[in-house]
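**Student:** attaching a predicted model along with its sequence, questions to come.
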Amino acid sequence: MYKGRCVYPGSFDPVTLGHVDLIERAAKLYDEVIVAVLNNPDKNGKFSIEMRLSMLGKACAHIHNVRIDSFGGLLVDYLRKAEASIVLRGLRAVMDFENEFRMAQVNRQIAPGIETLFMMTSPAYAYVSSSAVRQIAAFGGDITTLVPQVIITDIQNAYADAST
Ligand code: ADP
């Protein structure tokens, strides 16, 4: 167990089983995992920030050392405020690498004390993504293998509301 906390930032639009798997594994390594939803005014998600936080809360209710939060602005500023120096990110396939590599370099450049830690996806979740969930849910498809059971109704309701 490492001391201290790590911050797992992302869109979580919505949280998937792949995200929860990463959070569970990180929670075994750190005293505390802060899951931080990026509130990006340039990128309107499908779900409101409040909805994403609420779904994350339900999806992580079984993990005792997890805190759910949201942030705007620079991730490194958020880390400073949260008194954390580790950023957790996940890697699924080679296509994730380029983008993650770039972001990690930028963060290191502007805040040298910060380390980005990458965790490989579990093979079962290698193809699970929030965008797949949104695409399938929009057409009323089966998302039971992609997201935690406890948020399925929330997702279905959001799409039902949108179509009325
Ligand atoms: P972002 O918009 O910041 O990429 P996401 O919510 O899509 O936010 O993902 C947050 C982090 O979780 C990213 O590092 C992403 O690579 C990782 N991630 C997403 N899905 C999975 C998965 N199935 N397995 C492992 N890591 C994942």
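**Tutor:** In hand now; what should we look at?
**Student:** going by C-alpha atoms from here, please, whenever you check contacts or count neighbours.
**Tutor:** Fine.
**Student:** tell me where this protein has helices.
**Tutor:** Counting by DSSP state H, the chain has these helices, from start to end: 17-29, 49-59, 75-82, 94-110, 130-138, 152-162.
**Student:** got TSV for those, with mean pLDDT, distance to the ligand and mean neighbour count too?
**Tutor:** As requested, the helices of the chain are exported to TSV (pLDDT from 0 to 100; distance: least, C-alpha to the nearest ligand atom, whole Å; neighbours: other C-alpha atoms under 10 Å):
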stretch	mean pLDDT	distance to the ligand	mean neighbour count
helix 17-29	97	3	19
helix 49-59	98	10	19
helix 75-82	96	11	15
helix 94-110	92	6	12
helix 130-138	97	6	16
helix 152-162	92	15	14
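**Student:** which one of those lies nearest to residue 122?
**Tutor:** Nearest of the helices of the chain to residue 122, taken as C-alpha to C-alpha: helix 17-29 at 7.5 Å.
**Student:** give the contact list for the spatially closest residue to residue 90 that is not a sequence neighbour.
**Tutor:** Residue nearest to residue 90 in three dimensions, not counting chain neighbours: residue 119, with 4.9 Å by C-alpha to C-alpha, 6 or more residues apart in numbering. Contact analysis of residue 119 by C-alpha atoms under 8 Å, 6 or more residues apart in numbering lists 22, 88-91.
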